[in-house]
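> quick one, fold the following:
(chains A and B)
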Amino acid sequence: GAVVSQHPSRVICKSGTSVKIECRSLDFQATTMFWYRQFPKQSLMLMATSNEGSKATYEQGVEKDKFLINHASLTLSTLTVTSAHPEDSSFYICSVSESLGEQYFGPGTRLTVT
Amino acid sequence: QKEVEQNSGPLSVPEGAIASLNCTYSDRGSQSFFWYRQYSGKSPELIMFIYSNGDKEDGRFTAQLNKASQYVSLLIRDSQPSDSATYLCAPRGAAGNKLTFGGGTRVLVKP
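Numbers count the residues shown, from 1 in each chain, chains lettered A, B, ... in the order given. Next up, the predicted model:
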């Protein structure tokens, strides 16, 4: 399956600052990538669908102005958490979808906002 | 009613035994179903997927699907301590490639 990388793997930032997370599809041209968030002991929650060359589609309840997604190429999507607050501390994971709908996940980025 | 329901566990099985995991879903339009394994602190990894009614085997794993009952299951044969993880069921909806994840079943394989 597709090989996906994320950077950084861990990040600590101060409240009010912005953080950018990169998701790269290393061996597959991904027109669609997905961004998830996972809080401790909870399941994955889809935040948004990232579409190459167009605007992302956000799930209900996810603020598009707070979680900025850019999918400028077939191999790179970025998620920027703007004006981060402690409640944004979470495990952020991206995925790439292949032809049969199966998704392959990146290793995740653990964000801690102090 | 949750869209995808799984027993949270933990499901405790002795080494070498069969672990049986169940998942029910509410979207009748779901066409394909994915099982992921997630170790603590790591991201999910795909184990297998199924889209036709019946059984599908891959190594020690067997997925079973019954669309009429809106039920999908995963059997892990000859369970090993390395199988200890959370298993996530994820149906794919009728439209698009979005997956809806269940809460996961935590499996504990005891030596």
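> mind listing the strands for chain A?
A:4-7, A:10-13, A:19-25, A:32-38, A:45-51, A:57-58, A:67-73, A:76-81, A:90-97, A:103-105, A:109-113 (DSSP state E).
> name the residues that touch the shortest one?
By CB atoms under 8 Å, 6 or more residues apart in numbering or on different chains, the list of residues contacting strand A:57-58 from outside reads A:Met47, A:Ala48, A:Thr49, A:Asn51, A:Lys64, A:Phe67. (C-beta placed from N, C-alpha, C; glycine too.)
> rewinding a little: turn the strands of chain A into a markdown table, including mean pLDDT and mean neighbour count.
Shown next, in a markdown table, are the strands of chain A (pLDDT from 0 to 100; neighbours: other CB atoms under 10 Å in any protein chain shown):
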| stretch | mean pLDDT | mean neighbour count |
| --- | --- | --- |
| strand A:4-7 | 97 | 18 |
| strand A:10-13 | 97 | 14 |
| strand A:19-25 | 97 | 20 |
| strand A:32-38 | 95 | 23 |
| strand A:45-51 | 94 | 20 |
| strand A:57-58 | 95 | 17 |
| strand A:67-73 | 92 | 17 |
| strand A:76-81 | 96 | 21 |
| strand A:90-97 | 96 | 25 |
| strand A:103-105 | 96 | 24 |
| strand A:109-113 | 98 | 19 |
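> can you give me the distance of the residue nearest the centre of chain A to A:Ser97?
Nearest residue to the geometric centre of chain A (CA atoms, centre = their mean): A:Trp35, 3.6 Å. As judged by CB to CB, to the nearest Å, A:Trp35 and A:Ser97 stand 12 Å apart.
> still on that earlier bit, chain B: which of the contacts of strand A:57-58 is nearest?
Within the contacts of strand A:57-58, the smallest distance to chain B is 6.8 Å, found for A:Thr49 (CB to the nearest CB).
> list the contacts for the closest one?
With contact taken as CB under 8 Å, 6+ apart, A:Thr49 is in contact with A:Thr32, A:Met33, A:Phe34, A:Trp35, A:Ala56, A:Thr57, B:Gly96, B:Lys98.
> not counting residues beside it along the chain, what's closest to A:Glu87?
Nearest-residue entry for A:Glu87: A:Val113, 7.9 Å, with adjacent residues in sequence omitted and distances by CB to CB, 6 or more residues apart in numbering or on different chains.
> cool, and A:Phe34?
Sequence neighbours aside, A:Ser95 is the residue nearest to A:Phe34 in space, at 4.7 Å (criterion: CB to CB, 6+ apart).
> would you confirm that the one you found contacts A:Tyr104?
Yes: between A:Ser95 and A:Tyr104 there is a contact at 6.2 Å, judged by CB atoms under 8 Å.
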